[in-house]
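Asks: Here's my sequence, what's the structure:
(chains A and B)
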Amino acid sequence: MAKSESPCERGRTITNQVRRLRFENGEMTQEQLADRTDVTRQTIIAIEAGRYSPSLPLAFKIARTFGVPIEKVFQYEGENR
Amino acid sequence: MNRAQKIAWLLVITISLGAVLSCIAFTVGYFMVGMPKALAGLGFMSIAGIGGFGPLIFGKDKGNVTFDERDKQIKRRAALASFGASYLIVGAACMIPFFILGPKASISVTWLPNIFGAAATCTFFTYSVAILVQYGRGGEDGEK
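Replies: Numbering: from 1, shown residues only, chains lettered A, B, ... in the order given. Okay, here's the model as predicted:
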């Protein structure tokens, strides 16, 4: 699975596949995803860029919109302790 | 750029403009007419009042959703930052005269509204800057 990592995401422990999943789901626009998940387009942009980590309810909403489990959308890459 | 960012930009611009013009007017006045007439130069700070019309100037954002969990988080952090800044201003206004003038000195109560005004201006300025910094200065909202 190729991950598109923006410079903003470097050093962060949570990465996401929102952008890729949007394109795999009929080239869904950011606006359409925002409408379906009840957030603003700016928030979708910030999530894709790795500048904002969504709350659990929003993360589940996004995963449900794409019809995939949450771990297919968001990945935790921090160390296990 | 959303409504909160537009209002924040208006506040930052008007407060900055008011502060710069006040400083210039006060400095010029100080050397030309001296104190206390030079204090009239601080009247330029009233320009900052234009920023208060931001909510009336800028209408609601387009789109079905105009406010979400990220906006709420950004506003909460900005409010916290602005509270901290105003706390520092009021703290400094109380402590600096104490250390400079000494414990037995007294100051005019006319300073109190000035301290209140300075704290309020600082609160709005810090709140606006915190909003802009957290949103990423508004230039990164293009479709990708």
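Asks: Show residues contacting the host helix or strand of residue B:119.
Replies: Here residue B:119 sits within helix B:111-135, counting by DSSP states H and E. Residues external to helix B:111-135 that are found in contact with it (CB atoms under 8 Å, 6 or more residues apart in numbering or on different chains): A:42, B:2, B:4-5, B:7-9, B:11-12, B:15-16, B:45, B:48, B:51, B:74-75, B:77-79, B:81-86, B:89-90, B:93, B:138. To be clear about C-beta, it is placed using only N, CA and C from the backbone, and glycine gets the same treatment.
Asks: same deal with stretch B:80-88?
Replies: Around stretch B:80-88, the neighbours that count as contacts under CB under 8 Å, 6+ apart are B:119, B:120, B:122, B:123, B:124, B:125, B:126, B:127, B:130.
Asks: Just the buried ones among these, please.
Replies: Neighbour-count burial (16 or more other CB atoms under 10 Å in any protein chain shown) applied to the contacts of stretch B:80-88 gives B:119, B:122, B:123, B:124, B:125, B:126, B:127, B:130.
Asks: what's the farthest-apart pair in these?
Replies: In the buried ones among the contacts of stretch B:80-88, two members sit farther apart than any others by CB to CB. They are B:119 and B:130, at 16.0 Å.
Asks: which strands and helices sit next to the lengthiest helix in chain A?
Replies: The residue-count maximum for a helix in chain A (DSSP state H) belongs to helix A:56-66. Contact partners of helix A:56-66 among helices and strands, from 3 or more CB pairs under 8 Å, 6 or more residues apart in numbering or on different chains; DSSP states H and E: helix A:30-37, helix A:70-73.
Asks: burial measure for the residue nearest to residue B:21 when sequence neighbours are not counted, as a count.
Replies: When the adjacent residues along the chain are set aside, residue B:21 lies closest to residue B:44, with 3.9 Å between them (CB to CB, 6 or more residues apart in numbering or on different chains). By the other CB atoms under 10 Å in any protein chain shown criterion, the neighbourhood of residue B:44 contains 18 residues.
Asks: And the pLDDT at residue B:44?
Replies: Per-residue pLDDT puts residue B:44 at 86.
Asks: Report the separation between it and residue B:111.
Replies: 19 Å (CB to CB, to the nearest Å).
Asks: Same check on residue A:35?
Replies: For residue A:35, the distance to residue B:111 equals 53 Å [CB to CB].
Asks: re the thing from before, out of the helices and strands packed on helix A:56-66, which is closest to residue A:54?
Replies: Nearest of the helices and strands packed on helix A:56-66 to residue A:54, taken as CB to CB: helix A:30-37 at 8.8 Å.
Asks: in the closest one, what's buried?
Replies: Across helix A:30-37, burial judged by 16+ other CB under 10 Å covers A:30, A:32, A:33, A:34, A:35, A:37.
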